[in-house]
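1. can't give you the sequence, but here's the structure:
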């Protein structure tokens, strides 16, 4: 009887350790997702007319193929306007949090402080923008699958 109780206690303890480890792993993955989504929001909201094409090439490496195609088209459309008005936009994360998450997808809401300078506003305009960053896990990497202002 004592052996059975000890064995059961050992199994329960092992399950508790395993559960604790799983929770720690999940928390770590959630932290990683929030951090990546924040960085992606900064990347996609920080545009500089002087090197938009080079920046775009770096940003699409962290995007799903479908989103990379849409983003590339958007940058091509905006590039002449940004160049003409010499627009420089920089964003910094104010706050970010997970809206939903599974093992292969996540939606993160990000609040950004953005400063935009241009030929019409050399001192710049400050504004708070909100973005929804959707991520998909592809081959073990979290990639942006959509980034939109909300």
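-> Yes, it's here. All values reported here derive from a predicted model rather than from experimental measurement.
2. what stretches of this structure score poorly on pLDDT?
-> 1-21 (pLDDT under 70).
3. what about the strands in it?
-> 47-48, 88-101, 105-118, 121-138, 141-149 (DSSP state E).
4. I would like the residues contacting the second one, please.
-> Residues outside strand 88-101 that contact it (Cβ atoms under 8 Å, 6 or more residues apart in numbering) are 30, 33-34, 37-38, 41-42, 45-50, 106-118, 128-129, 132. No exception for glycine: its C-beta is placed from N, CA and C like everyone else's.
5. For it, buried residues please.
-> By neighbour count on 16 or more other Cβ atoms under 10 Å, the buried set for strand 88-101 is 88, 89, 90, 91, 93, 96, 101.
6. Find the centremost residue of the chain, please.
-> Closest to where the C-alpha atoms of the chain average out (Cα atoms, centre = their mean) is residue 37, at 1.2 Å.
7. With residue 31 as the reference, measure out to it.
-> Going from residue 37 to residue 31 by Cβ to Cβ, to the nearest Å gives 11 Å.
8. what does residue 55 give?
-> The spacing between residue 55 and residue 31, counted by Cβ to Cβ, is 26 Å.
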